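**Student:** Generate coordinates for the sequence data below:
(2 chains)
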Amino acid sequence: MSNFEYAPAPESTAIVDIKSEYGLFINGKFVAPKSGKRFTTINPATEEVLAKVAYADLADVNLAVTAARSAFTKVWSKMPAAERGKYLFRIARILQERAREFAVLESLDNGKPIRESRDTDIPLAAAHFFYHAGWADKLEHAGMGNNPKPYGVAGQIIPWNFPMLMLAWKVAPALATGNTVVLKPAETTPLTALLFAEVCQQAGLPAGVVNIVTGDGVTGSHIVNHPGIDKIAFTGSTGVGKAIAKAVAGTKKSVTLELGGKAANIVYEDAPIDEAVEGIINGIFFNQGHVCCAGSRLLVQENFADELLEKLKRRMSLIRVGNPLDKNTDLGAINSASQLARIREISDSGDLEGAERWSPACNLPQKGFWYPPTIFTGVSQSHRIAREEIFGPVLSVLTFRTPQEAIEKANNTPYGLSAGVWTDKGSKILWTAQRLRAGVIWANTFNKFDPTSPFGGYKESGWGREGGRHGLAGYLKAGK
Amino acid sequence: MIDLKAIEGITNGSEDSLKQYLRALPPVDQVGVEARTAVLATRSIKNASKNWAIDLAIRMVDLTTLEGGDTPGKIKTLAAKAVRPDATDPTVPSVGAICVYNDMVKIARSQLDALGGQHVPVAAVSTAFPSGRASIEVKITDTKDAIAAGAAEIDMVIDRGAFLSGQIGKVYEEIKIIRDVCGDKAHLKVILETGELVTLDNVRKASYLAMLAGADFIKTSTGKISPAATSPVVFVMLEAVRDFYMISGQRIGVKPAGGIRTTKDAIKQLVLVNEVAGPKWLDPSLFRIGASALLNDFLMQRMKMRDGYYSSPNYVTLD
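**Tutor:** This next block holds a predicted model:
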């Protein structure tokens, strides 16, 4: 052996018991769908079928909403807040106890590296339950007036990029504030949500407080349009977000939306260059770039762009692409064939519009959905790859000359979810952050999340915030 | 020896030009370095890779004893261990070097030679190790003594007081002088004592200073100060040698010393080498690990890989 070839170190899947068929989780029980329809979910790294999942149509959604309403009026809204908190603590502890099981299942169903599901997704999901458990009996102090009230039944629709974490972002605050839930996981990644349903049973959560209906966009629209739902919380694309906003306009429903992004990651010449390179890598290649707040537009000061790009390319060539269950894998599989097609289509427009593509040499597996880590240089503001959300491991590199120009370019987008600033100067960080129109701004780091920190977008990146005290506002009606 | 001509133009060696050069180095963000090293620490090394890594790491060990209580007897057993770390298994390679105080070099050399260990060099700590608090004349004599006694590697300490008070020129000159004393007779390892430099910015600056002055190796610590060879420190030093190679075409070695006690720790260091400096540095000529107890842990891991179970520590020799 001439160099350090890491032998494959696959995480065992023995810990996970995937059933061949799953029902809908309604009123505390798994039930067969009224629709009689099922669909399959596959492992995107191998294209193997993992399980058959129930398809919920309107009749099923009706049942779920009825169960949630009944649980809200009869049980959950009457329960002392401290008791509600106990259930959340219990769920959080079970998530920690079963963390490895969740991590393996998440990587199987989603394609993300086990290192990320194990070290980021699942620990953060548990942290969200712990954090919100603490809030349950302290809502008087949430800045929402005396005795703020829950909306009632929350309809929640979550994406496939962080299936379990997005579930936690939605379910934990809803339950802590006294709402009950009808949740629809994404079509391609329903399995950890269904495992979470088992956790609800294990925790003894009263029946109907959490209901999980699997399906596609049509199922989602049944939830959005359902008259029995008081509150819609959605994370996903801006296109769907706009449709939801239209659908609920004129109804009594309250809405929070976490939508797309095209974050600028601004690197000044006085940045800690090696750590900036790490931050760029983490910003765009974390979770295959399937991150709404991904740092997908690198804005680098022109006078040191060459130096930075040389280091970036060198570092990119170290990215280990492959089996998501291998503990040494850095970049896993693209979640679905349709997402891969979308990444290809927008990236190819970069070639056509004259940007220069670069990827390190890497052997992509034959089966499954894969895309190499890619950067485009010579990108201008007008290119599609600089404007549209690619939602894949593709970075567009633009340059700027002055801080003012960096701000102008960074803000010149319909989105405004996140941004990054890299400089060793504290005053410059503050100057830049004050001028960036984005909900989350990271300084000398990227893609860091914490349940105590509110997350959300400006402009077309969304309405409302999730996490922190601000996130509670999405699930509470202000008291007197 | 480094061809300083290759890096001419960067600095003319004056204190002002050195200060300017070091000030222009990119800053280090401690939080970022810690995050990256934490990720690299999760690399899982198994089976064939682990076997390979353990044998490589044994060849990289600078087997060290630096005690006031060192005696000829102690040095002799150390030499025997260095040549044949595991008496029951001839496939275990010899270590990279043995590292002793100045006055023990002669005994170490003759004992190694007597045991068929001509290929194992003796490294001597020098320049008023560990504090470096002595005049340059004393440091020169110290180094000359060690080389005359048969040391092929000199582990010198920098004057941390001078570095911290901004006398960059003094630190540089001392390294250059010792470099000249070593000539082509001895390899020069420059100990930065990063536990006293504290910040990673200082580690980066001191690394460049030592490399510009002609170090063959940059070494983290004396082993007398804690913390010693932490992953972030080694990470920054590996970045420094990688980037210095880009400027100068010269490959400088790195030697973490102190605090690396287990095979797992050592393999984590090799992962850092592999992913930061690159595979070229995975060689005893460019990476050494200063250690004593570590060697026995390698031997126990090696037995485990061979036999499939952990043996009692009684099956490895305490030397």
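
**Student:** any idea how far A:Ala71 lies from A:Ala197?
**Tutor:** Look at A:Ala71 and A:Ala197: by CB to CB, to the nearest Å, they are 14 Å apart. Placement of C-beta: from N, CA and C, glycine included.

**Student:** pretty sure A:Val224 is in a helix, no?
**Tutor:** Yes - per DSSP: H, G, I helix; E, B strand; the rest coil, A:Val224 lies within a helix segment.

**Student:** got the contact list for it?
**Tutor:** The neighbours of A:Val224, taking CB atoms under 8 Å, 6 or more residues apart in numbering or on different chains as the test, are A:155, A:157, A:232, A:234, A:244, A:247-248.

**Student:** Now, the residues you listed that are in helices?
**Tutor:** A:244, A:247-248 (DSSP state H).

**Student:** and the residue in the stretch 151-300 of chain A that chain B sits nearest to, how many neighbours?
**Tutor:** Going by CB to the nearest CB, chain B is nearest to A:Glu275 of the stretch 151-300 of chain A, at 3.0 Å. For A:Glu275, the neighbour count with other CB atoms under 10 Å in any protein chain shown is 25.

**Student:** Surely it is in contact with B:Gly32?
**Tutor:** Yes - using CB atoms under 8 Å, A:Glu275 is in contact with B:Gly32, at 3.0 Å.

**Student:** residue ranges for the strands of chain B, please.
**Tutor:** In chain B, the segments counted as strands under DSSP state E are B:61-64, B:97-101, B:122-126, B:153-157, B:187-191, B:217-219, B:253-255, B:289-291.

**Student:** got these as a markdown table, with mean neighbour count and mean pLDDT columns?
**Tutor:** Listed next are the strands of chain B as a markdown table, based on neighbours: other CB atoms under 10 Å in any protein chain shown; pLDDT from 0 to 100:
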| stretch | mean neighbour count | mean pLDDT |
| --- | --- | --- |
| strand B:61-64 | 26 | 98 |
| strand B:97-101 | 27 | 98 |
| strand B:122-126 | 29 | 98 |
| strand B:153-157 | 28 | 98 |
| strand B:187-191 | 27 | 98 |
| strand B:217-219 | 28 | 98 |
| strand B:253-255 | 25 | 98 |
| strand B:289-291 | 30 | 96 |
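
**Student:** and chain B, which of its residues are near chain A?
**Tutor:** B:26-29, B:31-33, B:35-36, B:39, B:42-50, B:52-53, B:239, B:270-271, B:274-275, B:279, B:282 (CB under 8 Å from any CB of the partner chain).

**Student:** Now the buried members of these.
**Tutor:** Using 16 or more other CB atoms under 10 Å in any protein chain shown as the burial test, the residues of chain B next to chain A include B:26-29, B:32-33, B:35-36, B:43-45, B:49-50, B:52-53, B:239, B:270-271, B:274-275, B:282 as buried.

**Student:** Can you select the buried ones from the ones in helices among the contacts of A:Val224 in ChimeraX?
**Tutor:** The buried residues among the ones in helices among the contacts of A:Val224 can be selected in ChimeraX (16+ other CB under 10 Å) with this line:
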select /A:244,248
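
**Student:** what ranges do the helices span in chain B?
**Tutor:** Under DSSP H, chain B gives helices at B:15-23, B:30-40, B:47-60, B:72-83, B:105-114, B:136-148, B:160-164, B:168-182, B:194-197, B:200-213, B:231-248, B:263-272, B:294-307.

**Student:** A:Asp216: which of the ones you listed is closest?
**Tutor:** Closest approach to A:Asp216 among the helices of chain B (CB to CB): helix B:30-40, 35.7 Å.

**Student:** Give me the residues contacting that closest one.
**Tutor:** Contacts with helix B:30-40, where a contact means CB under 8 Å, 6+ apart, come from A:115, A:272, A:274-276, A:278-279, A:444-445, B:199-200, B:231-232, B:235-236, B:268, B:271-272, B:275.

**Student:** sorry, back to before: with distance to B:Leu318 added, can I get the helices of chain B in a markdown table?
**Tutor:** A markdown table is the format used below for the helices of chain B (distance: least, CB to CB, whole Å):
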| stretch | distance to B:Leu318 |
| --- | --- |
| helix B:15-23 | 44 |
| helix B:30-40 | 32 |
| helix B:47-60 | 17 |
| helix B:72-83 | 9 |
| helix B:105-114 | 18 |
| helix B:136-148 | 27 |
| helix B:160-164 | 34 |
| helix B:168-182 | 34 |
| helix B:194-197 | 27 |
| helix B:200-213 | 34 |
| helix B:231-248 | 28 |
| helix B:263-272 | 17 |
| helix B:294-307 | 7 |
